[in-house]
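Enquirer: structure, please.
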Amino acid sequence: MFETNVRAGAAMPQTQAGVKKTGRNDPCPCHSGRKYKLCCQPQADAQAASTRRVDTALSGFLQEAIEHHRAGRFPQAESLYRKILHAAPDHPDALHLLGLIAHQAGKIELAVELIGRAIRMSPSAPMHYNLGVALQAQGEMDAAMTSYRKALALMPDYAEAHGNLGAALQAQGRYDAAAEHLYQALALRPEDAGAHSNLGVVQQALGQLDAALQSFRRALSINPEYAEAHNNLGMTQQAQGQLDAALQSFRRALSINPEYAEAHNNLGLILLLRGVLHEGWREYEWRVKHRSGLAYLADPRDPTRVLPRPSTQLPDDLDGKRILLVPEQGIGDELFFLRFARLARQRGAWLAYRPSGKIASLVQRAPGLDAVLHSDECPPNLDHILFVGDLPLLLGADRVDDLPPALPLTVLPGRRAAIENRLATLGGRPLLGVTWRAGTERNAGQSKSLLFKETDVSLLGHALSAWPGEVLILQRHPRAGDIERFQCALGRSAHDWSDLNENLEDMLALLAQLDDYVGVSNTNMHLMAGLGKSARVLIPNPAEWRWMQEGPESPWFPGFNLYRQQQGGEWSGTLARLTEDLQHQHR
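Expert: Numbering: from 1, shown residues only. Predicted coordinates:
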């Protein structure tokens with residue numbers, strides 16, 4: 001994405017112009033009263049000759065260093081740059097190019113310091129550009145964009161600076177501005193595969209999926225071995241429901257770069273979505289490296305040590321093995337994957353778990369675990385430590401028709417009584433719970449996450465307007481105006497019980513009392529499954545893997561009714577079917 005090649009056009013020192021020279025017969029500038037030729041000129045001429053010889057030598061060293069640099073002989077180039085700086089400590093080109101060497105060696109702070117010194121001596125567009133590259137590598141996006149803009153002020157047709165400024169704006173979620181600079185970069189360099197791919201990422205984030213496909217394909221026509229463009233193409237194909245094509249794109253990316261964690265993860269998610277579990281879990285394992293950059297989990301006993309991926313070291317025989325499970329992703333994911341704990345114990349494993357605080361008391365009462373720990377506890381004599389999401393990989397769970405049921409959950413009697421007393425103040429049954437949004441929409445610079453789920457709050461309210469009883473809003477952190485729009489479409493008041501999301505013991509007690517629940521996939525759906533109840537789940541398109549590619553049910557949530565968003569983002573037909581089903585069941 002970011003170009004750090006050595007530029008042939010690096011700025012060279014300029015001789016000072018406009019200073020009047022002293023004539024041979026003029027009075028000497030030292031004010032001795034003697035003529036210049038009889039006083040200081042001989043010494044000045046000798047110094048000038050020496051300077052010319054030094055400049056000639058330094059110029060030769062610089063050209064030789066650049067040749068080494070371009071050829072990838074970095075140690076030889078660095079040695080010559082340092083030799084130049086020993087003779088001329090403020091030599092701007094040597095400082096600049098030594099900064100590039102530092103960047104290419106991963107010494108980003110040193111690169112920023114050296115290139116910054118070069119700019120203070122003799123600024124140029126390539127210097128500002130390469131400083132921006134180094135700052136962007138540090139995550140200093142605002143400072144990097146300032147450097148790119150300074151480069152463009154000096155050289156408006158600097159294609160690479162337009163491209164990197166566009167990439168930085170994209171990373172901040174400023175997609176329209178990013179597209180403008182990427183288009184300018186491509187107008188200057190139409191064969192820039194990286195700029196085409198970056199433009200595709202921006203177009204995908206803007207919902208311009210057809211244009212994004214075209215941009216990724218253009219990038220690949222220029223560079224067929226561009227793994228990132230194959231991966232990006234696959235993500236866009238998946239967003240359009242072209243799963244066969246997406247699988248092919250992810251596999252092509254991995255054929256180019258077998259260690260490409262994001263492509264492995266994306267491939268795994270589609271395989272799981274299709275119920276291809278055996279291969280899916282092994283690809284899903286790469287999610288950790290994709291998120292953190294680490295090969296796997298940092299060992300809680302020694303954080304400087306990174307544990308190997310489970311697939312490389314887990315045994316077939318679990319009898320007597322002591323295993324620590326640690327949480328990851330969201331609370332719902334913890335509850336979802338803990339369904340496999342009982343299977344591990346049945347095969348002889350001893351299991352300890354360190355849950356997130358909000359579900360610690362729920363998990364403490366659930367079967368399948370030998371120990372539930374605080375976040376900083378680590379049992380002795382452990383054989384294995386792994387994320388809870390890798391339990392199915394550990395157990396070889398590869399059949400969708402033989403999946404374990406959800407982790408059983410029980411309501412505390414005191415919480416049940418308190419919720420029943422609160423419900424008694426309402427109008428009576430039947431009781432309907434409602435949620436319309438869950439997950440994080442997107443991080444800056446990323447396309448919309450499959451883990452973000454949302455339906456139109458007004459359309460949902462209208463679809464539920466014929467509900468014969470009380471409606472309870474269970475939306476976590478509703479946005480301003482959400483509840484008002486929902487009630488307006490519902491045609492009456494609803495009860496805002498969203499505060500229960502902060503105490504899952506209370507939420508569990510309420511869910512046990514509901515007659516029905518309609519919502520997108522969230523933690524409450526996992527709680528409902530743990531209670532042995534069902535719900536009606538609104539599934540955005542494309543679907544998250546645990547809800548499967550198609551069908552009215554998922555094998556992970558038997559008995560749950562699924563309402564899938566139509567292709568193109570339409571909910572109207574789906575919500576009409578929801579209305580019919582509710583009226584049929586709750587007349």
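
Enquirer: from now on I want contacts and neighbour counts done on CA atoms only, so please keep to that.
Expert: Noted.

Enquirer: you'd agree residue 227 is up against residue 251?
Expert: No - taking CA atoms under 8 Å as the definition, residue 227 is not a contact partner of residue 251, at 9.7 Å.

Enquirer: which ones are touching residue 321?
Expert: Going by CA atoms under 8 Å, 6 or more residues apart in numbering, residue 321 touches 348, 349, 350, 382, 383, 384.

Enquirer: of the residues you listed, closest to residue 78?
Expert: residue 384 (45.3 Å; CA to CA).

Enquirer: what values do phi and psi take at the closest residue in space to that closest one that isn't next to it in sequence?
Expert: Distance criterion CA to CA, 6 or more residues apart in numbering; nearest residue to residue 384, sequence neighbours excluded, is residue 323 at 4.9 Å. The phi/psi pair for residue 323 (degrees, to the nearest 10) reads phi -130, psi 130.

Enquirer: partner residues bridging residue 323?
Expert: For residue 323, the beta-bridge partners are residue 351, residue 384 (DSSP bridges).

Enquirer: which pLDDT value goes with it?
Expert: Note for residue 323: predicted pLDDT of 94.

Enquirer: check residue 318 too.
Expert: 91.

Enquirer: kindly report the same for residue 450.
Expert: Looking at residue 450, the pLDDT reads 60.

Enquirer: next one: residue 158
Expert: 94.

Enquirer: okay but it is in contact with residue 152, surely?
Expert: Yes - using CA under 8 Å, residue 158 is in contact with residue 152, at 6.2 Å.

Enquirer: re the thing from before, could you flag which of the contacts of residue 321 are buried?
Expert: Buried members of those, counted by 16 or more other CA atoms under 10 Å: 349, 350, 384.

Enquirer: TSV please, covering these and showing distance to residue 487.
Expert: As requested, the buried ones among the contacts of residue 321 are exported to TSV (distance: CA to CA, whole Å):
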residue	distance to residue 487
349	51
350	50
384	51
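
Enquirer: wait, what's in contact with residue 284?
Expert: Residues near residue 284 by CA under 8 Å, 6+ apart: 264, 265, 266, 267, 268, 269.

Enquirer: quick check: pLDDT value at residue 19.
Expert: Model confidence at residue 19, expressed as pLDDT, equals 36.

Enquirer: revised request: answer the last question for residue 104.
Expert: At residue 104, the model reports a pLDDT of 88.

Enquirer: ok so, going back, separation between the residue nearest to residue 384 and residue 560?
Expert: 32 Å (CA to CA, to the nearest Å).

Enquirer: for residue 518, same thing?
Expert: To residue 560, residue 518 is 10 Å away according to CA to CA.

Enquirer: so for those two, which sits in the more crowded spot?
Expert: The residue with more neighbours, out of residue 518 and residue 560, is residue 518; 24 against 19, by other CA atoms under 10 Å.

Enquirer: does that one sit in a helix, a strand or a coil?
Expert: Secondary structure, DSSP: H, G, I helix; E, B strand; the rest coil: residue 518 is strand.

Enquirer: excluding its backbone neighbours, what's nearest residue 206?
Expert: residue 175 (7.1 Å).

Enquirer: what's the neighbour count on the closest residue to residue 192 other than its chain neighbours?
Expert: If the residues on either side of it in the chain are set aside, residue 192 comes closest to residue 186, at 6.7 Å by CA to CA, 6+ apart. Residues lying near residue 186 (other CA under 10 Å) number 20.

Enquirer: ok, now the one 4 residues further on?
Expert: Here the count is done by other CA under 10 Å, and residue 190 has 16 residues near it.

Enquirer: you'd agree it is in a helix?
Expert: No - counting by three-state DSSP, residue 190 is located in no helix; its state is coil.

Enquirer: that one and residue 428, how far apart?
Expert: Distance from residue 190 to residue 428, by CA to CA: 67 Å.

Enquirer: for the residue nearest to residue 192, what are its contacts?
Expert: So residue 186 contacts 159, 192, 195, 196 (CA under 8 Å, 6+ apart).

Enquirer: so the last one is in which element?
Expert: This points to residue 196. helix 193-205 (DSSP states H and E).

Enquirer: which SSE is immediately downstream of that helix?
Expert: Later in the chain than helix 193-205, the nearest helix or strand by DSSP H and E is helix 209-222.

Enquirer: and the angle for the next helix or strand after that following helix with helix 193-205?
Expert: Downstream of helix 209-222, the first helix or strand assigned by DSSP H and E is helix 227-239. Inter-element angle recorded for helix 227-239 and helix 193-205: 20 degrees (by axes from the mean of the first three to the mean of the last three CA atoms, to 10 degrees).

Enquirer: any buried residues in the helix or strand following helix 227-239, and which?
Expert: For helix 227-239, the following helix or strand on the C-terminal side (DSSP H and E) is helix 243-256. Neighbour counts over helix 243-256 (16+ other CA under 10 Å) mark 243, 245, 246, 247, 248, 249, 250, 251, 252, 253, 254 as buried.

Enquirer: the last one reaches residue 264, doesn't it?
Expert: The reference is to residue 254. Yes - between residue 254 and residue 264 a contact is recorded at 7.2 Å, counting by CA under 8 Å.

Enquirer: ok, back up a step: tell me the two of the contacts of residue 284 that are most distant?
Expert: Largest separation among the contacts of residue 284 by CA to CA: 264 and 269, giving 8.8 Å.

Enquirer: joint contacts of these two?
Expert: Between them, residue 264 and residue 269 share the contacting residues 283, 284, judged by CA under 8 Å, 6+ apart.

Enquirer: quick one: low-confidence parts of the protein?
Expert: Along the chain, segments meeting pLDDT under 70 span 1-24, 26-58, 441-450.

Enquirer: hang on, the residue nearest to residue 192 is in a strand, isn't it?
Expert: No - counting by three-state DSSP, residue 186 is not part of a strand but helix.

Enquirer: how near is it to residue 278?
Expert: Residue 186 is 43 Å from residue 278, by CA to CA.

Enquirer: do the same with residue 424
Expert: For residue 424, the distance to residue 278 - CA to CA - is 49 Å.

Enquirer: distance between whatever helix or strand residue 278 lives in and the chain's centre?
Expert: Per DSSP H and E, residue 278 falls inside helix 277-284. Centroid separation for helix 277-284 versus its chain: 21 Å, with CA atoms, centre = their mean, to the nearest Å.

Enquirer: who's in contact with residue 575?
Expert: Counting by CA under 8 Å, 6+ apart, residue 575 has contacts 459, 460, 463, 563.
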